[in-house]
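>>> take this sequence and fold it.
(chains A and B)
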Amino acid sequence: MTATQDGVPGGAVRDGAPGRPAPLDADAIRADFPILSRSVRGGRPLVYLDSGATSQKPRQVLDAEREFYTRHNSAAHRGAHLLGEEATDAYEHARARVAAFIGADPGEVVFTKNATEAINLVAYAMSNAASCRPDATAGAAAGTDWPAAAERLRVGPGDEVLVTELEHHANLVPWQQLCDRTGATLRWFGVTPEGRVDLSRAGELIGGRTRLVAVTGQSNVTGVVPPVAEIARLAHAAGAVVLCDGAQLVPHRPVDVTSLGADFLAFSGHKMLGPYGIGVLWGRRELLEAMPPFLAGGSMIEVVRMEGSTFLPPPQRFEPGVPPAAQAAGLAAACDYLSALGMDAVAAHEKELTRRAIDALGGIGGVRILGPLTTDDRGGAVSFDVAGVHPHDVSQVLDELGIEVRADHHCAWPLHRALGVQASTRATFYVYNTPGEADALADAVRYAQRFFGAG
Amino acid sequence: MQIESLYQEIILDHYRNPHHKGLREPFDAEARHVNPTCGDEVTLRVALKDAGGEPVVSDVSYDALGCSISQASASVMTDLLIGKPVSEAMRTFQQFLELMQSRGAAEPDEDVLGDAAAFTGVSKYPARIKCALLSWMAWKDATGQALEATAGRPS
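Next up, the predicted model:
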């Protein structure tokens, strides 16, 4: 196992004034990311502004995965040999470190493939709860009070699932599908012109029929951070369960599930310096215990007979197959790395870059920023429209200058429609980005305007 | 810069002043194609006429939302295909498709492809090939439908 101190960023942590996080030293941090020293497109330095799609990985994370494969590799949670013990320890130790990162109990942390799978897990567990026999499922095996807890997860005709128009497709399409399977109705909060959740109809939208409210923790397009705790308070008062899509939240801000307000939190490892192929579903214990399985197979069973099976308690109930222990070790190393930087400092760093990018881009004629022009309750996704130049063309010119941004609807098609654009160009910032890169972005956008005669 | 091989002046000209744009009547079939990653879309109509027992592309009209490459490609395509027998137009389509899949290795036959030869540079950018092919694929789809719709129709 990689010792915790090996996961600490080299020289990147400074002492700050009392009460204020120490500023990040992005130059020192960059030294930990091998990919950032490569050049692109004719020898230009890489300016990576697409961390919202996936983050780069520090050597501490790469080393943790390599360490697992070179020293401990074997199938966790099966086999009594030494390597099996070490692999199981690595996997469960990783779960504990990831849980600590979000203030959770390890027993409430389920490893999934990514945030998308975590959200689907809840959606399918809900329709499974709606369709399977009460005595044949989770509650019976776990010995919990099945009817009371599971009743909160059952949806059917007349029930409502509430989302927002801001959502990434990963937190929208699974709920559309759940409604199709169960006969429940999908409803949604609209967005305000600056891309925030329009809560003015909350009293009408949240009511006795609402069974689940699914809301993003931070928009991957506008950077908006909706008031999840307030929405959760309203939802809980109506008896609804709340899921927060934390894919863009957990990597960028301090998150503590004891104050978040939500009952479920989903996030992906690869957007927070960790490996692909691992994500997390955190859920309140009583809900996880009441949930029937989503994917079934080995590792998640208690007793299997030809006539039927019973299942393990959470989190194992939701982790069929050989566990991704190397990826879990990598994600834990990413959590350690971010913890050493301090999530308050990470958020402050991104706020400064966002402020700089908004000011620089906002000062360019013909550029419209989608989302708030302030950094209040707003993270580091800066999406924009360049009049007369399609986002593909903007990004192609930026790419030629070594600046990598995303250009499309960013898997949030309804939000783009609501904001009156077909697609947009998006820059997203992370711990290794510098103020100079935000300036380079604005210069490159001006160049793209001149290239296409739109300046 | 290499990007000038992508954005040839011919392409930018077609983008700024697209030919044959706008949906027209009459038409025999219509197809709507979308690029699901970016949301770019084209609605394209094909009209055929019979010329001595051989179907000929009498009109291609379209409405499109998208980047310079997809817009210019639609414009160039209509210049190339309108007035051609369907069999010859299909061969042009096939040549353009092969050019786009060549990763920059193919030598375009300018006698066949005309202005479309300017898209050779696009084939070096894998993410943009779909943009260049969007309207061509819609044309192939609509033409297939139009052939079925017009089969057996008295000329």
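
>>> leaving out chain neighbours, which residue sits closest to A:His81?
Nearest residue to A:His81 in three dimensions, chain neighbours excluded: A:Ser74, at 7.1 Å (C-beta to C-beta, 6 or more residues apart in numbering or on different chains). (C-beta placed from N, C-alpha, C; glycine too.)

>>> quick one: the helices in the stretch 251-400 of chain A, in order.
For the stretch 251-400 of chain A, the helices defined by DSSP state H, counting those that start in this stretch cover A:257-260, A:285-290, A:325-341, A:343-362, A:391-400.

>>> what's the distance between B:Asp111 and chain A?
29 Å (C-beta to the nearest C-beta, to the nearest Å).

>>> do you know how far that residue is from B:Leu80?
Counting by C-beta to C-beta, to the nearest Å, the gap from B:Asp111 to B:Leu80 is 11 Å.

>>> is stretch A:26-40 anywhere near chain B?
No. Applying C-beta under 8 Å from any C-beta of the partner chain, one finds stretch A:26-40 out of contact with chain B, separated by at least 11.5 Å.

>>> remind me which residues of chain B are low pLDDT?
Counting by pLDDT under 70, chain B shows low-confidence ranges at B:1, B:154-155.

>>> residues from it in reach of chain A?
B:1-3, B:6-7, B:12, B:16, B:37-40, B:65-69, B:125, B:128, B:131.

>>> filter those down to the buried ones.
Burial by neighbour count, judged by 16 or more other C-beta atoms under 10 Å in any protein chain shown, picks out B:3, B:6-7, B:12, B:38-40, B:65-69, B:125, B:128, B:131 from these.

>>> on that earlier part again, which one's more surrounded, B:Asp111 and B:Leu80?
Taking other C-beta atoms under 10 Å in any protein chain shown, B:Asp111 and B:Leu80 do not tie; B:Leu80 has more neighbours (21 against 7).

>>> helices or strands up against whatever helix or strand that one lives in?
Counting by DSSP states H and E, the element that carries B:Leu80 is helix B:68-81. Here helix B:68-81 touches helix A:391-400, helix B:9-16, strand B:41-51, strand B:54-65, helix B:86-100, helix B:126-150, going by 3 or more C-beta pairs under 8 Å, 6 or more residues apart in numbering or on different chains; DSSP states H and E.

>>> what's the neighbour count on B:Ser87?
Neighbour tally, B:Ser87, other C-beta under 10 Å: 10.

>>> just checking, it touches B:Ala51?
No. The criterion here is C-beta atoms under 8 Å, and B:Ser87 misses it with B:Ala51 at 11.6 Å.

>>> how far away is A:Asp63 from chain B?
Distance from A:Asp63 to chain B, by C-beta to the nearest C-beta: 32 Å.

>>> wait, isn't that residue in contact with A:Ala333?
Yes. In this structure, A:Asp63 is within contact of A:Ala333 by C-beta under 8 Å, at 7.4 Å.

>>> comparing the two, which residue is more hemmed in?
A:Ala333 (31 against 17).

>>> just to revisit the earlier point, can you pull the contacts of the residue nearest to A:His81?
Contacts for A:Ser74 were tallied using C-beta atoms under 8 Å, 6 or more residues apart in numbering or on different chains; they are A:81, A:83-84, A:86-87.

>>> now go through the residues you listed and say which are in helices.
Judged by DSSP state H, the subset of the contacts of A:Ser74 located in helices is A:83-84, A:86-87.

>>> could you identify the most distant pair in the residues you listed?
Maximum pairwise distance among the ones in helices among the contacts of A:Ser74 (C-beta to C-beta): 7.4 Å, between A:Gly84 and A:Glu86.

>>> A:Asp50 versus the one residue in the stretch 1-150 of chain A that gets nearest to chain B, what's the distance?
Using C-beta to the nearest C-beta, the closest approach of the stretch 1-150 of chain A to chain B is made by A:Gly42 at 6.6 Å. Using C-beta to C-beta, A:Gly42 is found at 19 Å from A:Asp50.

>>> the more surrounded of those two?
Neighbours were tallied for A:Gly42 and for A:Asp50 using other C-beta under 10 Å; the higher tally belongs to A:Asp50 (19 against 11).

>>> returning to that earlier point: rebuild the helices and strands packed on helix B:68-81 as JSON lines, extending it with distance to A:Pro34.
Converted to JSON lines, the helices and strands packed on helix B:68-81 look like this (distance: least, C-beta to C-beta, whole Å):
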{"stretch": "helix A:391-400", "distance to A:Pro34": "21"}
{"stretch": "helix B:9-16", "distance to A:Pro34": "37"}
{"stretch": "strand B:41-51", "distance to A:Pro34": "40"}
{"stretch": "strand B:54-65", "distance to A:Pro34": "40"}
{"stretch": "helix B:86-100", "distance to A:Pro34": "34"}
{"stretch": "helix B:126-150", "distance to A:Pro34": "24"}
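
>>> among these, single out whichever gets nearest to A:Val431.
Short answer: helix A:391-400, nearest of the helices and strands packed on helix B:68-81 by C-beta to C-beta, at 21.2 Å.

>>> quick one: mean pLDDT over that closest one.
What helix A:391-400 shows for mean pLDDT is 96.

>>> now the angle from that helix to helix B:9-16?
150 degrees (axes from the mean of the first three to the mean of the last three C-alpha atoms, to 10 degrees).

>>> who are the packing partners of helix A:391-400?
strand A:406-408, strand A:424-428, helix A:435-451, helix B:3-6, helix B:68-81, helix B:126-150.

>>> most tightly surrounded among these?
strand A:424-428 (a mean of 29; mean count of other C-beta atoms under 10 Å in any protein chain shown).

>>> which elements pack onto that one?
strand A:381-386, helix A:391-400, strand A:406-408, helix A:435-451.

>>> and A:Gly380, how many neighbours?
30.

>>> check A:Leu295 too.
For A:Leu295, using other C-beta under 10 Å, the count is 15.

>>> of the helices and strands packed on strand A:424-428, which is nearest A:Glu352?
Going by C-beta to C-beta, the one of the helices and strands packed on strand A:424-428 nearest A:Glu352 is helix A:435-451, 7.1 Å.

>>> got the contact list for the closest one?
A:47, A:49, A:352-353, A:356-357, A:360-361, A:363-364, A:366-367, A:384, A:386, A:388-389, A:393-394, A:397-398, A:401, A:403, A:405, A:425, A:427, A:429, A:455, B:7.

>>> ChimeraX command to pick out the buried ones of those?
Per 16+ other C-beta under 10 Å, the buried members of the contacts of helix A:435-451 correspond to this ChimeraX selection:
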select /A:47,49,352,353,356,357,360,361,364,367,384,386,389,393,394,397,398,401,403,405,425,427,429,455 /B:7
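
>>> any idea which element A:Ala214 lies in?
Going by DSSP H and E, A:Ala214 is part of strand A:210-216.

>>> continuing past that strand, what's the next helix or strand?
helix A:228-237.

>>> what comes up buried for that following helix?
For helix A:228-237, by 16+ other C-beta under 10 Å, it's A:228, A:231-232, A:234-236.

>>> okay, the angle between it and strand A:210-216?
170 degrees.

>>> for helix A:228-237, packing partners?
strand A:210-216, strand A:241-245, helix A:257-260.

>>> what residues does that helix touch?
In contact with helix A:228-237 (C-beta under 8 Å, 6+ apart) are residues A:162, A:197, A:199, A:202, A:206, A:210, A:213, A:215, A:217, A:241-242, A:244, A:259-263.
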